[in-house]
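In: fold the following.
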Amino acid sequence: MSDRDSDHTRPGTPVTDTVRGPGSRPGSDAASPSAPAPDAARDAVLAPLDTRISGLVALYEDLHRHPELGFEETRTAQGAARRLTDWGYDVTTGIAGTGVTGVLRNGPGPVVLLRADMDALPVTERTGLDYASTVPGRMHACGHDVHVTCLLGAADLLAAGRAHWSGTLVVLFQPAEEVGSGARAMLDAGLYSERLVPVPDVVLAQHVAPFGAGLIAYCPGAAMAAADSLEITFHGTGGHGSRPETTVDPILMAASFVQRVQSVVAREVAPKDQVVVTVGSFRAGDSANVIPDHAVVKLSVRSFDESVRARVLAAIDRIARAEADASGAALAPETKILDSFPVTYNDPLTLREVNESLTGLFGEQRLFAYDPASGSEDAGLLATAADAPLYYWWLGGWDPEEFRTALAAGRLAQDIPSNHSPRFAPVVRPTLTMGVQALATAALSRLEGPDAR
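Out: As a prediction, the model looks like this:
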């Protein structure tokens, strides 16, 4: 686990002495002691955004109305592919079912990959928005509609402004991030091995989050947790509830496991290592007077260090087997991996260099550091498979005044809905504007100037 900066606070919390204030209003840059540095090429690429923003808002609202679950993002993918084709990208569709890539070769230079995830969640929306989901039980509750819109906006600007940079740009629209299998599925489908896209020299991505719109948050090193979801089936011998001596009770076996597994964090993990083990589901039997023959437990493990992760998973397996042995079970427990996300690791050098460009555009007061977050992502697989550095940052999306008020009252958890909430509703502006600018500026910071041709 990487050492944390001494000025970091709890995960996702702004470091208030690093910024002018969480949720600072757009337009407050003039009060900043360090004005953004001029960049003629960047400004030329970003200039058309003012004339395109109304179209991006319409696109975002349309995506929000029509959410699609993982590996079902057909409509979203078709719209992305159509636009990329119009802008001159070499487009590949149907990667791992619904994945889309666009490649724009524009002279010598690095290969830069920008990624957005497309999938929604099985959540019933309760935002009250005019453009709320029209699909029952489906909602963009994690902001992937923001991600798709911002990446398409950046792809448009970078294609239109190709006279101002040199290199190869890859834009990737990924399915099924929420279940942790979309990036792996695209890689297994030959993303790099079959040369569907050139292997990138750097991977860049962003995620909208419930802090003040107009801000960007970053974390060097281990930025998001590895996550492993497991399903463990305990096998016993069923029978009549009045004669437990004739059975091997899987409910007692599984219940003992649920209690004992918490000792992994309490007694087998050092205090300096952050690990969370949560049992979220316990299913067994249907009758009050029948001891079933099996019980099923589902649990989630979060960690920030690969060696710690391996040790915790091994301990969980050991405890499950031990409880079965202690109960005299004839069969060992069966463990199924439901999903698995790696640690999201931000390359410190790439982060620093990209942040210099973002600071040059937005000013120092718009960027702040945060502690590693316990949420998880699979974007890092796209970088690891390419042996390339990753930089993944957070994009503020909540109403700045509401966020500032909740922060001052100590009511962030109560008043600001988190990602995956049925009330999660990023403000359209300046979230989309800043998201497009951030992606395009980050890409330009890694591409060559036009003189490289």
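In: what's the burial count for residue 78?
Out: When counting by other C-beta atoms under 10 Å, one arrives at 13 neighbours for residue 78. In this view, the C-beta of every residue, glycine as well, is placed from N, C-alpha and C.
In: end-to-end on stretch 65-82?
Out: Its start and end residues considered, stretch 65-82 measures 19 Å (C-alpha to C-alpha, to the nearest Å).
In: go on, stretch 120-134?
Out: 13 Å.
In: one more: stretch 155-169?
Out: Stretch 155-169 end-to-end distance (C-alpha to C-alpha) = 9 Å.
In: contacts for that stretch next, please.
Out: Residues from elsewhere that reach stretch 155-169, judged by C-beta atoms under 8 Å, 6 or more residues apart in numbering: 41-42, 44-46, 48-49, 52, 83-84, 87-89, 102-112, 114, 171, 198, 436, 440, 443-444, 446-453.
In: what about residue 205, is that helix, strand or coil?
Out: strand (DSSP: H, G, I helix; E, B strand; the rest coil).
In: could you point out which element follows the lengthiest helix in the chain?
Out: In the chain, with assignment by DSSP state H, the single longest helix is helix 306-327. As assigned by DSSP states H and E, the chain's next helix or strand after helix 306-327 is strand 334-341.
In: give me the distance from the helix or strand that that next one is followed by to the chain's centre.
Out: Moving toward the C-terminus from strand 334-341, the next helix or strand (DSSP H and E) is strand 344-346. Taking the mean of its C-alpha atoms, strand 344-346 sits 11 Å from the chain's own mean (C-alpha atoms, centre = their mean, to the nearest Å).
In: neighbouring strands of strand 344-346 in the sheet, and parallel or not?
Out: When pairing is defined by DSSP bridges, strand 344-346 lines up against strand 221-224 (antiparallel).
In: what mean pLDDT does the partner strand have?
Out: Strand 221-224 shows an average pLDDT of 95 in the prediction.
In: can you pull the contacts of residue 328?
Out: So residue 328 contacts residue 248 (C-beta under 8 Å, 6+ apart).
In: against residue 248, how distant is it?
Out: 6 Å (C-beta to C-beta, to the nearest Å).
In: what about the helices in the chain?
Out: According to DSSP H, the helices that the chain contains are 40-46, 49-65, 74-86, 144-160, 182-188, 250-261, 263-268, 306-327, 348-362, 379-384, 400-408, 412-415, 431-446.
In: thinking again about what came up before, which among the contacts of stretch 155-169 end up buried?
Out: Those of the contacts of stretch 155-169 that meet the buried threshold are 42, 45-46, 49, 52, 83-84, 87, 89, 102-104, 106, 109-112, 114, 171, 436, 440, 443-444, 446-448, by 16 or more other C-beta atoms under 10 Å.
In: quick one: residues contacting residue 301.
Out: With the criterion set at C-beta under 8 Å, 6+ apart, residue 301 makes contact with 226, 227, 228, 229, 230, 275, 276, 277, 309, 312, 313, 316.
In: run the last query once more with 6 Å
Out: Shown in contact with residue 301 (C-beta atoms under 6 Å, 6 or more residues apart in numbering): 228, 277, 312.
In: residue 80 now?
Out: With the criterion set at C-beta under 6 Å, 6+ apart, residue 80 makes contact with 100, 173.
In: hmm, 10 Å instead?
Out: 59, 63, 73, 91, 93, 98, 100-102, 116, 118, 148-149, 151-152, 155, 171-173 (C-beta atoms under 10 Å, 6 or more residues apart in numbering).
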